[in-house]
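Visitor: Next comes the sequence, and after it the predicted model I'd like to discuss.
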Amino acid sequence: MRRRALALTALTCTAATVAGCATPQPAAPAADGHTVTITNCGVPSKFPSPAKRLFVNDGNMISTVLALGAADQVAAISSLEADAPMLRRHYGPALDQLKIAAPRRPARETVLANRPDVMVAGWHYGYDETTGLTPDSLRAAGIAPYILTESCRQRPGEGARGIVEPWTAVREDLTNLGEITGRQQRAAELNADIDRRRQALHDAPAPPKPITVFLFDSGTDSLLTSGRFGGPEAIITAAGARNAATDVADTWAKVSWERVVASKPDAFAFVDYPPQTFAEKVAILRSRDGIKDLPAVTEGRFLNLSYSMWTSGPLNIDAAEQLRVALEGWGLAPPSGIRPRFADRLDQ
């Protein structure tokens with residue numbers, strides 16, 4: 001899988017181990033010589049500020065820089081894929097001014113060729129030892145690497161990711177990238193907007209009984225889903241439901257079909273991106289014993305949203321609103337008056 005392939009080697013320090021490795025990481029200064037030190041994955045690191053040439057990988061991180069209004073500070077992007085229509089709907093023509101350097105995960109050489117001062121990516125959202133594109137290799141080339149907070153590794157030598165709860169991860173990334181781009185006020189506005197909309201969801205009438213939602217990312221023999229440190233945990237809980245994989249102490253992880261059956265989900269949510277289509281995923285559910293007869297399947301309780309809405313970023317709040325409205329439409333939650341800003345569902 002192009003973004004979250006489960007290679008399990010650890011390099012970065014985390015909150016649990018920061019005391020032994022909190023030496024600030026160097027970075028090339030901005031053209032005017034200014035730098036800012038922020039804590040990223042538990043490590044104080046220096047970044048040029050304001051950064052002038054960002055290389056941004058993956059739609060959720062592209063959405064972050066667009067939300068900050070920093071499109072004119074982006075040298076190139078990669079891994080946009082099928083999310084372009086959704087991002088254009090939310091952020092307008094700013095998306096179309098961005099240079100696409102690679103359709104999928106970029107090679108290290110591609111990044112270097114675009115001469116960025118900062119790269120914005122994450123472990124298995126672009127950074128990967130097997131390709132040589134790592135934070136350390138970028139620092140050696142004079143590029144400051146920002147690591148998506150959701151993807152921070154829990155302990156050196158292990159592959160599990162996530163060191164803070166997922167809404168905190170979104171807040172930290174907006175705040176940090178606001179500092180790096182010099183758009184601190186806009187970052188504060190975005191965080192305040194998320195807080196307000198989360199509060200509205202929290203204040204919505206509670207469902208009459210607990211609701212369990214299973215997040216189907218991709219898979220056939222087993223399924224890739226998201227645990228309690230991933231963006232879907234934030235989305236599902238904000239909408240008033242329970243993530244079927246909330247006990248998994250990771251961001252994204254594979255689980256068995258037996259696990260899906262045992263969770264008896266009231267609804268399925270789907271991450272939309274190639275190559276596996278929404279129709280193919282539904283067909284799998286409708287063909288498997290123990291699952292095909294679940295009310296969630298027989299009654300078509302399916303919510304399909306773009307990849308960048310489920311992975312950690314500012315669009316998580318839009319996904320939570322979409323899920324809440326879907327739960328109400330299925331009769332699982334009372335009417336709330338929540339109204340998503342855009343029509344983002346891809347299953348209707």
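Guide: Everything's here; your move.
Visitor: just checking, Ile38 is part of a strand?
Guide: Yes. Checked against DSSP: H, G, I helix; E, B strand; the rest coil, Ile38 lies within a strand.
Visitor: That one: what's its closest spatial neighbour, skipping adjacent residues?
Guide: Asn176 (4.8 Å; CB to CB, 6 or more residues apart in numbering). Where you see a C-beta, it was placed from the backbone N, CA and C, and this is true even at glycine.
Visitor: ok now whichever helix or strand the one you found is part of, how far from the chain's centre?
Guide: Here Asn176 sits within helix 166-181, counting by DSSP states H and E. On the basis of CA atoms, centre = their mean, to the nearest Å, helix 166-181 is displaced by 12 Å from the centre of the chain it belongs to.
Visitor: Check stretch 295-306 too.
Guide: The answer for stretch 295-306 is 21 Å, by CA atoms, centre = their mean.
Visitor: what's the span of it, first residue to last?
Guide: End-to-end distance of stretch 295-306: 24 Å, with CA to CA, to the nearest Å as the criterion.
Visitor: coming back round to it: remind me what the helix holding Asn176 packs against, helices and strands.
Guide: Helix 166-181 sits against strand 35-40, strand 43-48, helix 59-67, strand 144-147, helix 184-203, helix 231-238, helix 316-329, with contacts defined as 3 or more CB pairs under 8 Å, 6 or more residues apart in numbering; DSSP states H and E.
Visitor: which ones are touching Ala67?
Guide: Residues in contact with Ala67, defined by CB atoms under 8 Å, 6 or more residues apart in numbering, are 91, 174, 186, 190, 314.
Visitor: Narrow those to just the buried residues.
Guide: Neighbour counting over the contacts of Ala67 (16 or more other CB atoms under 10 Å) leaves 91, 174, 186, 190, 314 as the buried ones.
Visitor: Between those, which sits nearest Ser256?
Guide: Pro314 (32.8 Å; CB to CB).
Visitor: Report the separation between the closest residue in space to that closest one that isn't next to it in sequence and Ala102.
Guide: Spatial nearest neighbour of Pro314, chain neighbours left out: Ala67 (4.6 Å); criterion: CB to CB, 6+ apart. Distance, Ala67 to Ala102, by CB to CB, to the nearest Å: 22 Å.
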